[in-house]
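In: Provided below for reference: sequence and predicted model.
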Amino acid sequence: MSLVRSPAVAGAFYPADAVSLSGQIRAFLAEAGEEVGVAPKALIAPHAGYIYSGPVAAHAYAHLQPLHDVITRVVLLGPCHRVPTLGLALSSAETFLTPLGPVAIDHSLDQTLLDLPQVHVYDATHTAEHSLEVHIPFLQVVLDDFKLVPMVVGQASPAEVAEVLDRVWGGPETLIVVSSDLSHYLSYDAACAIDRKTCDAIEHLDVDAIGDAQACGRMPVKGLLHLAKRKGMCVRTLDLRNSGDTAGPRTQVVGYGSWGFWEDTSQ
């Protein structure tokens with residue numbers, strides 16, 4: 001990969017024009033409402049086209065306002081849709097570019113991660129992958145200045161993903177974001193039922209209760225749940241809808257949810 005990872009889905013999943021993109025994200029955030037209090041340590045948020053999943057993702061990102069000037073590193077994990085990979089794949093790029101400008105990649109943790117057998121550098125899986133890309137403009141709008149640690153997750157056990165997350169966990173300067181949509185192309189009622197089960201599993205940190213068809217990002221989701229349970233974290237559902245609620249027909253829908261994870265269990 002070149003030093004710059006160029007946008008792959010600008011103009012398709014979200015606006016390619018910076019003014020339109022920023023305006024759309026700010027509108028989503030305004031609709032979600034400003035959140036106050038302790039910001040979450042980790043988020044799960046969806047990664048579809050913004051007209052479908054953007055309102056749901058905004059309910060996650062609205063919670064970052066208290067740490068907008070504290071978070072300087074975002075560890076972003078998402079599933080691979082284009083080029084399969086084993087384990088977790090880092091990028092060799094120096095920056096990820098969006099219409100809102102470049103975001104520097106934090107390579108300071110590379111050696112710590114590459115010591116693990118499940119982690120490697122594989123640029124091909126990053127090149128066209130949207131599951132990470134669509135989150136970056138949201139982060140650019142809500143955070144002041146940050147670097148990115150992007151990882152595409154392929155075949156990996158919850159324990160393997162959790163081991164990686166534990167190594168990059170850090171303190172309040174580090175945010176963990178897991179990218180995942182939920183059920184795909186079911187009827188509205190069927191999607192609501194299965195997504196509710198997935199939501200319950202996430203709320204109860206129940207790794208084993210999430211099946212293959214329940215979330216496309218199930219591998220990184222399960223890894224986060226595995227570690228969150230070990231750390232005794234509190235999880236709260238921030239939004240749970242599907243494309244039939246936002247911008248699409250209800251004959252076949254895709255499910256979306258946002259969750260926040262707090263180390264302070266009083267949240």
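Out: Noted; the coordinates are in hand. Numbering: from 1, shown residues only.

In: Excluding residues flanking it in the chain, which one is nearest residue 179?
Out: In space, not counting the residues next to it along the chain, residue 179 is nearest to residue 78; the distance is 3.4 Å by Cβ to Cβ, 6 or more residues apart in numbering. Backbone N, C-alpha and C define where each C-beta goes, glycine included.

In: mind checking pLDDT for that neighbour?
Out: You'll see residue 78 listed with a pLDDT of 98.

In: tell me which strands and helices the one helix or strand it maps to is in contact with?
Out: Following DSSP states H and E, one finds residue 78 within strand 73-79. Contacts defined by 3 or more Cβ pairs under 8 Å, 6 or more residues apart in numbering; DSSP states H and E place strand 73-79 against helix 130-133, helix 135-142, strand 147-153, helix 158-168, strand 174-179, helix 218-231.

In: Alpha carbons only: can I get stretch 235-244 in CSV?
Out: What follows is stretch 235-244, C-alpha atoms only, in CSV (Å, rounded to 0.1, in the frame of the first residue of the first chain):
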residue,chain,number,x,y,z
VAL,A,235,-22.6,-1.9,28.7
ARG,A,236,-25.5,0.1,27.6
THR,A,237,-27.6,0.0,24.4
LEU,A,238,-27.6,3.5,22.8
ASP,A,239,-29.7,2.7,19.8
LEU,A,240,-31.2,-0.3,18.0
ARG,A,241,-33.0,0.1,14.7
ASN,A,242,-32.8,-1.2,11.1
SER,A,243,-32.9,0.2,7.6
GLY,A,244,-36.7,-0.1,7.6
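
In: before we move on, the earlier item: now the helices and strands packed on strand 73-79 as a markdown table including mean pLDDT and mean neighbour count?
Out: Formatted as a markdown table, those follow (pLDDT from 0 to 100; neighbours: other Cβ atoms under 10 Å):
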| stretch | mean pLDDT | mean neighbour count |
| --- | --- | --- |
| helix 130-133 | 98 | 24 |
| helix 135-142 | 98 | 23 |
| strand 147-153 | 98 | 24 |
| helix 158-168 | 98 | 20 |
| strand 174-179 | 98 | 25 |
| helix 218-231 | 98 | 24 |
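
In: same for the helix or strand just after the strand holding residue 78, what does it pack against?
Out: Using DSSP H and E, the next helix or strand after strand 73-79 towards the C-terminus is strand 88-90. Identification of packing neighbours for strand 88-90 by 3+ Cβ pairs under 8 Å, 6+ apart yields helix 110-114, strand 119-121, strand 147-153, helix 158-168.

In: report the angle between the axes of the longest one and strand 73-79?
Out: What that stands for is helix 158-168. Using axes from the mean of the first three to the mean of the last three Cα atoms, to 10 degrees, the direction of helix 158-168 lies 160 degrees away from that of strand 73-79.

In: Quick one: list the elements packing against helix 158-168.
Out: Under the contact definition 3+ Cβ pairs under 8 Å, 6+ apart, helix 158-168 sits against strand 73-79, strand 88-90, helix 110-114, strand 147-153, strand 174-179, helix 218-231.

In: can you do 6 Å?
Out: Other helices and strands packing on helix 158-168, by 3 or more Cβ pairs under 6 Å, 6 or more residues apart in numbering; DSSP states H and E, are helix 218-231.

In: Contacts for the helix it packs on next, please.
Out: The contact list for helix 218-231 (Cβ atoms under 6 Å, 6 or more residues apart in numbering) reads 77, 153, 156, 158, 161-162, 165-166, 178, 180, 205, 207, 210, 215, 261.

In: now stretch 97-117
Out: By Cβ under 6 Å, 6+ apart, the list of residues contacting stretch 97-117 from outside reads 4, 6-7, 10, 16, 18, 21, 73, 93-96, 119, 136-137, 140, 147-149, 167-168.
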